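J.: Predicted model and sequence follow; I will ask about them next.
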Amino acid sequence: MPDIAERRQRFWVRTGIVLFFCLPILLTLHTSPALLVTILNLLYYVGVQLVPGTMAIFFMRGIRAVGVSAGLIVGTVLALMLYYGHVDTLGIDVGLISGLLNFAVMVRGEQDRAPRPHPAARDGVAPIASGTAEARARRRTQLITEASASRSTSRTGRGAVTSRGSPWRRGR
């Protein structure tokens with residue numbers, strides 16, 4: 001925050017961290033210990049839902065935010081329903097079950113996505129990106145053609161003929 005001095009910012013961050021760690025302890029001492037267990041379980045179940053989206057961002061090319069968000073929402077809702085509904089999962093972790101559904105929804109959402117045409121496409125054919133090997137080769141050929149077309153044959157003081165040559169070679 002640009003309007004607050006760094007020292008004040010550090011103070012409030014540290015105060016927030018201390019309160020964050022003290023609050024569960026106070027809740028445990030003054031309320032039922034089951035409340036802390038419930039809070040920790042819910043934090044775990046919801047936190048696990050971040051794993052499929054994070055892994056997809058790193059390892060799946062072209063993943064969209066809509067798919068990741070849909071998976072996150074479905075997984076979180078399922079985790080809460082299983083936890084509060086006291087559903088018997090036969091010993092399988094609720095976070096794992098909801099995380100797998102999260103992943104399935106995310107991947108399925110990406111499969112249903114129809115390929116969209118490139119914004120600069122004409123007649124449904126996208127232009128070749130400037131970074132592809134074919135485009136670089138085409139540009140190189142164009143530069144060589146331009147260089148050879150503009151070669152000048154001028155005489156130097158001793159009567160020798162010179163030319164500009166290739167754009168990639170420094171003068172010889």
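T.: Received, thanks. Quantities reported herein were computed from a predicted structural model and do not represent experimental measurements. Numbers count the residues shown, from 1 in each chain.
J.: Ile17: neighbour count?
T.: 10 (other CB atoms under 10 Å). C-beta coordinates here come from the backbone N, C-alpha and C atoms, glycine included.
J.: wait, Ile63
T.: With other CB under 10 Å as criterion, Ile63 counts 19.
J.: Following the chain past the lengthiest helix in the chain, name the next helix or strand.
T.: Counting residues, the longest helix in the chain under DSSP state H turns out to be helix 6-30. Using DSSP states H and E, the next helix or strand after helix 6-30 towards the C-terminus is helix 33-48.
J.: Now do stretch 79-90, average pLDDT.
T.: Average pLDDT, stretch 79-90: 91.
J.: which parts of it are buried?
T.: Under the neighbour-count criterion of 16 or more other CB atoms under 10 Å, stretch 79-90 has Ala79, Leu82, Tyr83 buried.
J.: could you give me the average pLDDT of the longest helix of the chain?
T.: Computed over helix 6-30, the mean pLDDT rounds to 85.
J.: Grab the nearest non-local neighbour of Gly99.
T.: Val48 (5.0 Å; CB to CB, 6 or more residues apart in numbering).
J.: and the angle from the longest helix of the chain to helix 33-48?
T.: In terms of direction (axes from the mean of the first three to the mean of the last three CA atoms, to 10 degrees), helix 6-30 departs from helix 33-48 by 130 degrees.
J.: Who are the packing partners of helix 6-30?
T.: Judged by 3 or more CB pairs under 8 Å, 6 or more residues apart in numbering; DSSP states H and E, the packing partners of helix 6-30 are helix 33-48.
J.: on that earlier part again, if I pick the residue nearest to Gly99, what's in contact with it?
T.: Gly75, Ala79, Gly95, Leu96, Ser98, Gly99 (CB atoms under 8 Å, 6 or more residues apart in numbering).
J.: so which of these is the most crowded?
T.: Neighbour-wise, those (other CB under 10 Å) top out at Gly75, 29 neighbours.
J.: Next, name the residue at the spatial heart of the chain.
T.: Ile57 (4.4 Å; CA atoms, centre = their mean).
J.: ok but that residue is inside a strand, no?
T.: No: counting by DSSP: H, G, I helix; E, B strand; the rest coil, Ile57 is not found in a strand; it is helix.
J.: Arg64 is in contact with that one, correct?
T.: No: Ile57 is beyond contact range of Arg64, at 10.4 Å (criterion: CB atoms under 8 Å).
J.: quick one: contacts of the host helix or strand of Ala79?
T.: Using DSSP H and E, Ala79 falls within helix 65-84. The list of residues contacting helix 65-84 from outside it, by CB under 8 Å, 6+ apart, reads 41-42, 45-46, 48-50, 52-53, 56-57, 87, 89, 94-95, 97-99, 101-107, 109-110, 113.
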